[in-house]
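**Q** From the sequence below, what's the structure:
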Amino acid sequence: MKPTDLLHIGLGAAFMAKEKIEAQLKDLEQLGTISKDELNRFVEEAQQRAKLETDALDARIKEKVAEAARELGLATKEDIAEIKALLMKRNA
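**A** Next up is the predicted model:
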């Protein structure tokens with residue numbers, strides 16, 4: 001399983017949870033338990049929190065992938081650029 005698969009699973013779960021929360025909040029609105037303004041404010045805050053969590057998860061996945069690449073000794077873009085520069089200098 002690739003890290004992006006994990007990200008997609010997390011986003012899918014978050015999206016499903018969002019739909020369920022919105023449905024329950026609309027039920028509460030219809031029952032008069034919360035106002036439309038409170039509903040909208042709650043949904044907006046939940047969306048902002050979800051975006052922050054998604055960004056944090058994305059950063060964590062990138063960090064782990066970079067860590068794995070370092071542990072495996074894989075060449076980075078900078079390493080390849082350095083080799084290209086050396087080859088160009090050698091062939092000039």
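**Q** Select the longest helix from the chain.
**A** In the chain, with assignment by DSSP state H, the single longest helix is helix 36-72.
**Q** average pLDDT across that one?
**A** Mean pLDDT, helix 36-72: 87.
**Q** Same check on stretch 79-92?
**A** On average, stretch 79-92 scores 94.
**Q** on that earlier part again, report the next helix or strand after the longest helix of the chain in sequence order.
**A** Counting by DSSP states H and E, the element after helix 36-72 in chain order, helix or strand, is helix 77-91.
**Q** Put the alpha carbons of that following helix into PDB.
**A** Extracted in PDB, the C-alpha atoms of helix 77-91 (Å, rounded to 0.1, in the frame of the first residue of the first chain):
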ATOM      1  CA  LYS A  77      16.700  15.400  -7.000                       C
ATOM      2  CA  GLU A  78      19.600  17.300  -5.600                       C
ATOM      3  CA  ASP A  79      21.900  14.300  -5.900                       C
ATOM      4  CA  ILE A  80      20.800  13.700  -9.500                       C
ATOM      5  CA  ALA A  81      21.300  17.400 -10.400                       C
ATOM      6  CA  GLU A  82      24.800  17.300  -8.900                       C
ATOM      7  CA  ILE A  83      25.700  14.200 -10.900                       C
ATOM      8  CA  LYS A  84      24.300  15.800 -14.100                       C
ATOM      9  CA  ALA A  85      26.400  18.900 -13.400                       C
ATOM     10  CA  LEU A  86      29.500  16.800 -12.900                       C
ATOM     11  CA  LEU A  87      28.900  14.900 -16.100                       C
ATOM     12  CA  MET A  88      28.200  18.100 -18.100                       C
ATOM     13  CA  LYS A  89      31.400  19.600 -16.600                       C
ATOM     14  CA  ARG A  90      33.400  16.400 -17.500                       C
ATOM     15  CA  ASN A  91      32.100  16.300 -21.000                       C
END
